[in-house]
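Undergrad: Need a 3D model of the following:
(one chain, ligands or ions: 1)
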Amino acid sequence: MTSFEDLPIRDDLRGRSPYGAPQKSVPVALNVNENTHPIPEDVAHDIVARVAGAILKLNRYPDREFTELREAFARYLGHGLRAEQIWAANGSNEVLQHLLQAFGGPGRTALGFAPTYSMYPLLSAGTGTEWISADRDAGYELSAETAVAAVRRHDPDLVLLCAPNNPTGTPLSIDTIRAVADAARGIVIVDEAYIEFADPGTPSALTLLEGRPRLVVSRTMSKAFAFAGARVGYLAADPAVVDALRLVRLPYHLSALTQAAALGALAHSDEMLAMVADIRGQRERIERELAALGFSPYPSGSNFVLFGGVDDPRAVFEGLLERGVLIRDIGLPGTLRVTAGTETETTAFLEALAAFAPARVSAN
Ligand code: PMP
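TA: Numbering: from 1, shown residues only. Predicted coordinates for the structure are as follows:
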């Protein structure tokens, strides 16, 4: 059988593995940080009506500039943002890919702080950008001093700051973001995929955009908006950044169906985001109850929790799966990661995990 390694594939893609979080049909799936609450039915009906309207016009290409959608995102984000400052694509993965295509590429570098989102190195590889991985402080924190020292040492063309960080959940302080934005020569991307789950009062990097034309804030509808299946990500930046991205996007990259669906969801943003506080509550419950079971949860500003104190992550992962609960082994020794689900799903996870609790194991 032919493997891709036998083909005349690019040398820099040899030996790499594709993104591959398991997609299994299980009663309780808490492995890819989705919002596990379904879309409210009245919102779904409005989205269907809008998509139906778009279908009648599918003989024509969609609005290449997705103007109405950019206006809706600017309104949703606030902070005085204008539509010219907004870009969108099929998931924030594609938004990040556009940024790497425009500002990275052969002979250029992108810097990140490991462990961080696993797609950053893959997107870098796909665009021929050299990925540089710098270290974090103890407990996966990232201080302004540590981050700026790495920026000075490597002088990257792009910096990727994940705020809060996936897979660790670690919040990133606005001081670190500001310090990196002011020290870096290149483009600084703040990936705020999970920012809606941060503790109330946490400032967004959107507050730093004014006067910083190389700063980019990336967002997604996949998490807080419960819209992962629709594939809609977006960013806010200086209009010049948006102009650069027009050079690398495929024409009409956002389908008319995607635009209609996203506009429908944004028209009901309050309802779509209504579950965020509930999910944050379940995340806090997970942190509390894991600690009581004898595990070591890391502080999280997101909708998931990384926890240590797991002697055999593979065995616990498999044990939970046998009980119908899918979580994530992200390969950090002694840890596992779980998404905060509905109250019922979270209960199912905690009850299944209790069988593997260090507190119980040492009591036996
Ligand atoms: N950034 C981070 C930190 C993520 O965890 C994810 C998804 N897991 C993404 C970006 C991409 O999400 P999407 O393409 O669905 O917007």
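
Undergrad: Show me what the helix ranked longest in the chain is packed up against.
TA: Criterion DSSP state H: the longest helix present in the chain is helix 276-292. Judged by 3 or more Cβ pairs under 8 Å, 6 or more residues apart in numbering; DSSP states H and E, helix 276-292 is in contact with strand 296-297, strand 304-308, helix 343-353. C-beta here means a position set from N, CA and C on the backbone, and glycine is covered the same way.

Undergrad: contact partners of it?
TA: For helix 276-292, contacts defined as Cβ atoms under 8 Å, 6 or more residues apart in numbering pick out 35, 37, 196-197, 199, 224, 296-297, 299-300, 302-305, 307, 338, 340-343, 346, 349-350, 353, 359.

Undergrad: make it 7 Å
TA: Here helix 276-292 makes contact (Cβ atoms under 7 Å, 6 or more residues apart in numbering) with 35, 196-197, 224, 297, 300, 303, 305, 307, 338, 340-341, 343, 346, 350.

Undergrad: Tell me the one of those residues nearest L209?
TA: The closest of the contacts of helix 276-292 to L209 turns out to be E196 (Cβ to Cβ; 17.8 Å).

Undergrad: excluding its backbone neighbours, what's nearest whichever residue of the stretch 251-364 of the chain sits closest to the ligand?
TA: Of all residues in the stretch 251-364 of the chain, S302 sits closest to the ligand, at 8.5 Å by Cβ to the nearest ligand atom. Counting by Cβ to Cβ, 6 or more residues apart in numbering, Y194 is the residue found nearest to S302 once chain neighbours are left out, at 3.7 Å.

Undergrad: For the residue of the stretch 251-364 of the chain closest to the ligand, give me its contacts.
TA: Per Cβ under 7 Å, 6+ apart, neighbours of S302: 164, 166, 169, 194, 197.

Undergrad: From S3, how far off is it?
TA: Separation of S302 from S3 (Cβ to Cβ, to the nearest Å): 37 Å.

Undergrad: With I47 instead?
TA: The value you get for I47 to S3, if Cβ to Cβ is used, is 42 Å.

Undergrad: When the two are compared, which one has more neighbours?
TA: Neighbours per residue (other Cβ atoms under 10 Å) separate I47 from S3, with I47 holding more: 21 against 7.

Undergrad: Assign that one to helix, strand or coil.
TA: Here I47 is helix, with the state taken from DSSP: H, G, I helix; E, B strand; the rest coil.

Undergrad: That one contacts A261, doesn't it?
TA: Yes: the pair I47 and A261 qualifies as a contact (Cβ atoms under 7 Å) at a distance of 5.3 Å.

Undergrad: ok, back up a step: just how off-centre is the longest helix of the chain within its chain?
TA: Centroid separation for helix 276-292 versus its chain: 19 Å, with Cα atoms, centre = their mean, to the nearest Å.

Undergrad: quick one: that helix to strand 304-308, angle?
TA: Counting by axes from the mean of the first three to the mean of the last three Cα atoms, to 10 degrees, helix 276-292 lies at 10 degrees to strand 304-308.

Undergrad: V241 contacts V216, correct?
TA: Yes: at 5.9 Å, V241 and V216 qualify as touching, with contact defined as Cβ under 7 Å.

Undergrad: So between those two, which is more surrounded?
TA: Taking neighbours as other Cβ under 10 Å, V241 and V216 compare with V216 leading, 28 against 22.

Undergrad: What residues sit buried inside the longest helix of the chain?
TA: Across helix 276-292, burial judged by 16 or more other Cβ atoms under 10 Å covers 276, 279-280, 282-283, 285-287, 289-290.

Undergrad: again with stretch 319-333
TA: Using 16+ other Cβ under 10 Å as the test for burial, stretch 319-333 gives 320-321, 325-330, 332.

Undergrad: And the helices in this structure?
TA: Using DSSP H, helices in the chain cover 41-55, 67-77, 92-103, 119-126, 144-154, 174-183, 239-245, 256-267, 269-272, 276-292, 313-322, 343-353, 358-363.

Undergrad: right, and those helices - which one's nearest K24?
TA: Closest approach to K24 among these (Cβ to Cβ): helix 313-322, 7.6 Å.

Undergrad: and the helices of the chain, which one's lowest on average pLDDT?
TA: Ranked by mean pLDDT, these bottom out at helix 358-363, which scores a mean of 61.

Undergrad: State the distance from the one residue sitting closest to the centre of the chain to V51.
TA: Residue closest to the mean C-alpha point of the chain, counted by Cα atoms, centre = their mean, is A193 at 3.9 Å. As defined by Cβ to Cβ, A193 lies at a distance of 25 Å from V51.
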